[in-house]
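**Q** predicted coordinates and the sequence they were generated for:
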Amino acid sequence: MPALMMVRYDGPDDLGVETLGLSDLPADWRRQEVWTQQRGDQWHASLATPLLRVPSAIVPVDQSPDVNILINHTHKGAARISVISVEPFVLDPRLL
């Protein structure tokens with residue numbers, strides 16, 4: 001299994017965030033890899049916000065605290081985000 005790293009970031013509270021909730025996604029979004037990639041590419045190209053909050057594919061529960069935040073490093077606001085730690089991470093083998 002490849003080594004995984006958990007990266008923790010810090011950013012100002014006023015940094016722009018676009019949020020995609022479960023209700024914004026197709027019912028079978030976890031099986032529509034092309035759709036999710038295209039949606040992410042659209043957000044990235046638009047430069048509308050430096051951050052995109054999306055549901056976790058592992059815990060796809062509405063209002064779950066388990067979400068993913070994508071960073072658009074080409075957005076000028078991304079310069080206001082800093083790495084605060086990088087730690088080894090082992091995925092629970094029951095999820096594989």
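**A** That came in fine, so what should we check first? Fair warning: this is a prediction, and the values are worked out from it, not measured in the lab. Residues are numbered from 1 along each chain as shown.

**Q** in three-state terms, label V83 for me.
**A** strand (DSSP: H, G, I helix; E, B strand; the rest coil).

**Q** what's opposite it in the beta bridge?
**A** Beta bridges link V83 to Y9, judged by DSSP bridges.

**Q** residues in contact with it?
**A** With contacts defined as CB atoms under 8 Å, 6 or more residues apart in numbering, the neighbours of V83 are V7, R8, Y9. C-betas here are computed from N, CA, C, even on glycine.

**Q** my read: the last one touches H73, true?
**A** No: here Y9 does not reach H73: they are 11.5 Å apart, not a contact under CB atoms under 8 Å.

**Q** that older thread, export the contacts of V83 to a markdown table and tack on pLDDT and neighbour count?
**A** Output for the contacts of V83, formatted as a markdown table (pLDDT from 0 to 100; neighbours: other CB atoms under 10 Å):
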| residue | pLDDT | neighbour count |
| --- | --- | --- |
| V7 | 90 | 11 |
| R8 | 92 | 10 |
| Y9 | 94 | 12 |
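
**Q** closest to A57 among those?
**A** Ranked by distance to A57 (CB to CB), the contacts of V83 are led by V7 at 18.3 Å.

**Q** roughly how far apart are that closest one and P60?
**A** 22 Å (CB to CB, to the nearest Å).

**Q** ok, the contacts of V83 vs R94, which is closest?
**A** Using CB to CB as the measure, the one of the contacts of V83 that approaches R94 most closely is V7, at 23.4 Å.

**Q** tell me which other helices or strands the helix or strand containing the closest one touches.
**A** Counting by DSSP states H and E, the secondary-structure element that holds V7 is strand 4-10. Contacts defined by 3 or more CB pairs under 8 Å, 6 or more residues apart in numbering; DSSP states H and E place strand 4-10 against strand 82-89.

**Q** all strands for this protein, in order.
**A** Using DSSP state E, the strands of the chain run over 4-10, 17-19, 51-55, 67-71, 82-89.

**Q** in this structure P12 contacts R80, no?
**A** Yes: taking contact to mean CB under 8 Å, the distance of 5.6 Å between P12 and R80 places them in contact.
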